[in-house]
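**Student:** sequence unknown, structure follows:
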């Protein structure tokens, strides 16, 4: 699977951005797709995940109520709608794909569950 993110940029605090991740290479029916982010000097952090067919979603506590993960099945595209952005949301955002969709709760919060990664897109939130 090849993953390619887009949609990052510079936004003021309180603003919104929508990230996209285009997938290609194989069907996503048996996968969970996720968004992670990595700030300078920090570890890669789980943001949100979605089971491609069932649509089951999980979010990090830090983004609940502000971010929404979604997918367009026919176009094999993953999205992350980010509202009320804060300076601490500044990071490189990566999409990733993990084979399987039975995990619940925090199962897909671990980056090690994911086999495929995109290069990332920079999001910078100014105060």
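**Tutor:** Ah, there it is. Everything numeric in this text was worked out from a predicted model, so none of it was measured. Numbering: from 1, shown residues only.

**Student:** going forward, measure contacts between C-alpha atoms and count neighbours the same way
**Tutor:** Noted.

**Student:** residue contacts, the residue lying closest to residue 76 once chain neighbours are set aside?
**Tutor:** In space, residue 76 comes closest to residue 23 once its chain neighbours are excluded; the distance is 5.5 Å by C-alpha to C-alpha, 6 or more residues apart in numbering. For residue 23, the residues meeting the contact criterion (C-alpha atoms under 8 Å, 6 or more residues apart in numbering) are 1, 2, 3, 4, 76, 77, 78.

**Student:** now the last one: how far from residue 97?
**Tutor:** Distance, residue 78 to residue 97, by C-alpha to C-alpha, to the nearest Å: 10 Å.

**Student:** again with the second one
**Tutor:** For residue 2, the distance to residue 97 (C-alpha to C-alpha) stands at 9 Å.

**Student:** so what sits against both of these two?
**Tutor:** Joint contacts of residue 2 and residue 97 (C-alpha under 8 Å, 6+ apart) are 116, 117.

**Student:** okay, the two: which has more neighbours?
**Tutor:** residue 97 (28 against 15; other C-alpha atoms under 10 Å).

**Student:** separation between the spatially closest residue to the more buried one that is not a sequence neighbour and residue 21?
**Tutor:** Distances taken as C-alpha to C-alpha, 6+ apart place residue 33 nearest to residue 97, at 4.6 Å, with adjacent residues excluded. Separation of residue 33 from residue 21 (C-alpha to C-alpha): 10 Å.

**Student:** quickly list what's touching both of those two.
**Tutor:** Counting by C-alpha under 8 Å, 6+ apart, the residues touching both residue 33 and residue 21 are 78, 95.
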